[in-house]
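**Student:** A predicted structure for the sequence below; I have some questions about it.
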Amino acid sequence: MPWMTVSVELREETGKDNSILDSFSLDLPSSWLLAAMGLRLRDGRGPVYVDASDIVRFMDPSLKERGASAGVVDRQLFLRTVETAGLEAVWLVAGEKNVYSSDSIRHGFGGRVMHVMAYRFVNGVLEVSLRRDFKLQASVEQMKELLASEAPLG
């Protein structure tokens, strides 16, 4: 997708690069966003991008701070850049909940609920859409297996 703002780089310790001791991911600005915002990598020691005045405008603090990888961007510059490109910034937040058997012998499934919410700026105010839920019901056979897995083996 040409208008994605972040490129996620994942490196896993199980790969062929034996110099990696722990898996990690980084959120890096996409190439079009780097060019549109006029950013460059500061020094190569971390995912920190600066403008022509050497002011940090985009970074992923997860290499130095505890927590998940996240692209942190200068809000005003980002929104101005997106608007200049004739685009609108939209954030999608998705998740899911599943019910599975904890029994290692029987593998029951009780269903899945997935949800999606969208956020965007409207007249400078962050607006959220209604949450959308999508449900996947378990079949009768899956529910029987799930319920049987909760009963003692006999």
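**Tutor:** Good, I have the coordinates. Residues are numbered from 1 along each chain as shown.

**Student:** tally of neighbours for Y100?
**Tutor:** Residues within reach of Y100, counting by other CB atoms under 10 Å, total 14. Every C-beta, even on glycine, is put in place using the N, C-alpha and C of the backbone.

**Student:** Same question for L136.
**Tutor:** 11.

**Student:** Quick one: distance of the biggest strand by length in the chain to the chain centre.
**Tutor:** For the chain, the strand that runs over the most residues, judged by DSSP state E, is strand 109-122. The chain centroid and the centroid of strand 109-122 are separated by 13 Å under CA atoms, centre = their mean, to the nearest Å.

**Student:** I'd like the mean pLDDT over it, please.
**Tutor:** For strand 109-122, mean pLDDT rounds to 87.

**Student:** Beta-bridge partners for the residue nearest to K97 when sequence neighbours are not counted, please?
**Tutor:** Spatially, and ignoring its direct neighbours in sequence, K97 is nearest to V113 (5.0 Å; CB to CB, 6 or more residues apart in numbering). Per DSSP bridges, the residues bridged to V113 are K97, K135.

**Student:** V113 reaches V99, doesn't it?
**Tutor:** No - counting by CB atoms under 8 Å, V113 sits too far from V99 to count as a contact (9.1 Å).

**Student:** May I see the buried residues of the next helix-or-strand element following the longest strand of the chain?
**Tutor:** Scanning forward in sequence from strand 109-122 by DSSP states H and E, the next helix or strand is strand 125-128. For strand 125-128, a neighbour-count test (16 or more other CB atoms under 10 Å) marks nothing as buried.

**Student:** strand partners of strand 125-128, parallel vs antiparallel please.
**Tutor:** strand 109-122 (antiparallel).

**Student:** hmm, who's touching the partner strand?
**Tutor:** With contact meaning CB atoms under 8 Å, 6 or more residues apart in numbering, strand 109-122 is reached by 79, 88-101, 126-138, 142-143, 145-146.

**Student:** How about stretch 25-33?
**Tutor:** Residues outside stretch 25-33 that contact it (CB under 8 Å, 6+ apart) are 2-11, 37, 39, 47, 49, 58, 60, 62-63, 69-71, 73, 81.

**Student:** and with 6 Å instead?
**Tutor:** Residues outside stretch 25-33 that contact it (CB atoms under 6 Å, 6 or more residues apart in numbering): 4-10, 47, 58, 60, 69-71.
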